[in-house]
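# Turn this into a model:
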Amino acid sequence: MLDLAKEFSLLGFLEETEEDGTVTYVMDFPDDVYITVTDDNGRTPARAKQNLVLACYDGEGRYLWGSEFKTFMELQKYCQDNPAGSPVLLQALKNASKTLKDKEWSSPSHP
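Modelled structure (predicted):
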């Protein structure tokens, strides 16, 4: 069984603990952008073979886009093929699935 905390660290993710005790895996990118990884219930991923949800935010904490992965191993492949924190990895993760993309939604802060 994989030690997910260790595996996320090897890919370049940092652990951040939320106020409710949930551990979120975070990776920073250029231009003050970061992604978080949780399970599909917004909790700490516990198993390698479960859905993972990536959410991208700007430096002000505004949601930009999201992608989903069916397993940790699927995410791992993208991360191993591209340098951690690189614009190339960020674009690959953004294009990884058919979930809500930045151009498909609007809000007061993102017309």
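# can we go C-alpha only for contacts and neighbour counts from here?
Fine.
# Give the closest residue to residue 71 in space, chain neighbours not counted.
Closest residue in space to residue 71, ignoring its immediate chain neighbours: residue 49 at 4.7 Å, by Cα to Cα, 6 or more residues apart in numbering.
# mind listing what that neighbour touches?
70, 71, 72, 73 (Cα atoms under 8 Å, 6 or more residues apart in numbering).
# try it again with 10 Å
69, 70, 71, 72, 73, 74 (Cα atoms under 10 Å, 6 or more residues apart in numbering).
# Do a quick rundown of the helices in the protein.
4-11, 72-81, 87-94 (DSSP state H).
# To residue 24, which of those helices lies closest?
Among these, the nearest to residue 24 by Cα to Cα is helix 4-11 (10.0 Å).
# where in the protein is pLDDT low?
For the chain, the stretches with pLDDT under 70 are 1, 98-111.
# Give the bridge partners for the residue nearest to residue 42 when sequence neighbours are not counted, please.
In space, and not counting its chain neighbours, residue 42 is closest to residue 53: 7.9 Å by Cα to Cα, 6+ apart. Residues in a beta bridge with residue 53, per DSSP bridges, are residue 38, residue 68.
# who's in contact with residue 53?
35-43, 45, 66-71, 75, 99.
# And for residue 96?
Neighbours of residue 96 in contact, by Cα under 10 Å, 6+ apart: 66, 67, 68, 69, 74, 75, 78, 90.
# just residue 69 next, same as before
Applying Cα under 10 Å, 6+ apart, the residues near residue 69 are 37, 39-40, 49-54, 75-76, 93, 96-97.
# wait, what's in contact with residue 90?
Going by Cα under 10 Å, 6+ apart, residue 90 touches 27-30, 33-35, 56, 78-79, 82-84, 96.
# rewinding a little: would you mind giving me the PyMOL syntax to select the buried ones in the contacts of residue 53?
Those of the contacts of residue 53 that count as buried under 16 or more other Cα atoms under 10 Å are selected in PyMOL with:
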select buried, resi 35+36+37+38+39+40+43+45+66+67+68+69+70+71+75
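# follow-up on the earlier one: now the buried members of the contacts of residue 90.
For the contacts of residue 90, buried by 16+ other Cα under 10 Å: 27, 28, 29, 33, 34, 35, 56, 78, 79, 82, 84, 96.
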